[in-house]
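In: sequence first, predicted model second:
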Amino acid sequence: MIEEWARQLPPESTQQAIAYPSLFLLVALGALVPVIPTGAIVSSAAVVAFHQTAPFALLVVFVTAACAAFVGDVALYWLGRRGVRSKNGSRWLAALRGRAAPDRLEQAQAKLRAHRVSVLVLSRLVPAGRIPVMLACLLAEMPLRRFVRGNVPACLAWAATYALIGILGGSLFARPWEGVAAAVALTVLVSTAPAAWRRVRRGRADRQHA
């Protein structure tokens, strides 16, 4: 059944003409509206590219994902800066404040003071770390040019990490859909494990103080 469905798929050239713009759009939108699982999308695209015969397919996935993440981040930061400069703020700045827990924001501000722009690189690799760090940069009134300088390696590292997860999934399974399922499961595990561990530690601390 699955093999018959795979034979009915359009040729690789047609798939690529649709897939790469879709990948860019989804990752860029996911940077603006952090409810889209962009990591899983990049890993899934890398699995499909791994099984394709077209040269440089994986490289195109990596470049597309990094560029889309960069464009989305810069657009969100620019919108947030407009809110910082405005007396009444903006809905984008308010949305960023709503997504950043106070304790995570405090940690991000402390790391920003200690490490400056380099903290941006880790912010994209740590689950749920991007928004608090971006908000800390906005509240510190970091110029857009400095944010861009730190965000370039951050987006490259992020795209490389999730592309490697996809390559791992593609190399372990013969069928692309199996690799996609494995890559999605691994990205979900990577993104949820730190938050789950923090809740466990918080629960233990609460029981000790009770």
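Out: Great, that's in hand. Treat the numbers as computed from the prediction; the structure is a model and nothing was measured. Numbering: from 1, shown residues only.
In: from now on I want contacts and neighbour counts done on CA atoms only, so please keep to that.
Out: OK.
In: who's in contact with W78?
Out: Each residue near W78 by Cα atoms under 8 Å, 6 or more residues apart in numbering is listed here: L144.
In: quick check: phi and psi at it.
Out: Main-chain torsions, W78, degrees, to the nearest 10: phi -60, psi -40.
In: just use 7 as the starting number from now, easier for me
Out: Sounds good: first residue 7 from here, last item W84.
In: so for it, what's the pLDDT?
Out: At W84, the predicted lDDT confidence score is 91.
In: quick check: the gap between it and V90.
Out: For W84, the distance to V90 equals 10 Å [Cα to Cα, to the nearest Å].
In: also T44?
Out: Counting by Cα to Cα, the gap from T44 to V90 is 27 Å.
In: list the residues that contact W98.
Out: 82, 85-86, 89.
In: nope, R103 is what I meant
Out: So R103 contacts L141 (Cα under 8 Å, 6+ apart).
In: now it: which helix or strand?
Out: Using DSSP states H and E, R103 falls within helix 97-105.
In: so where's this structure uncertain?
Out: In the predicted model, the chain carries pLDDT under 70 at residues 7-23, 59-60, 91-96, 178-216.
In: T44 and V90: which is more packed in?
Out: A direct count of neighbours by other Cα atoms under 10 Å for T44 and V90 places T44 higher, at 22 against 19.
In: tabulate the contacts of W98 (JSON lines), appending secondary structure, neighbour count and distance to V53.
Out: JSON lines is the format used below for the contacts of W98 (DSSP: H, G, I helix; E, B strand; the rest coil; neighbours: other Cα atoms under 10 Å; distance: Cα to Cα, whole Å):
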{"residue": "L82", "secondary structure": "helix", "neighbour count": "21", "distance to V53": "29"}
{"residue": "L85", "secondary structure": "helix", "neighbour count": "16", "distance to V53": "33"}
{"residue": "G86", "secondary structure": "helix", "neighbour count": "25", "distance to V53": "34"}
{"residue": "G89", "secondary structure": "helix", "neighbour count": "18", "distance to V53": "39"}
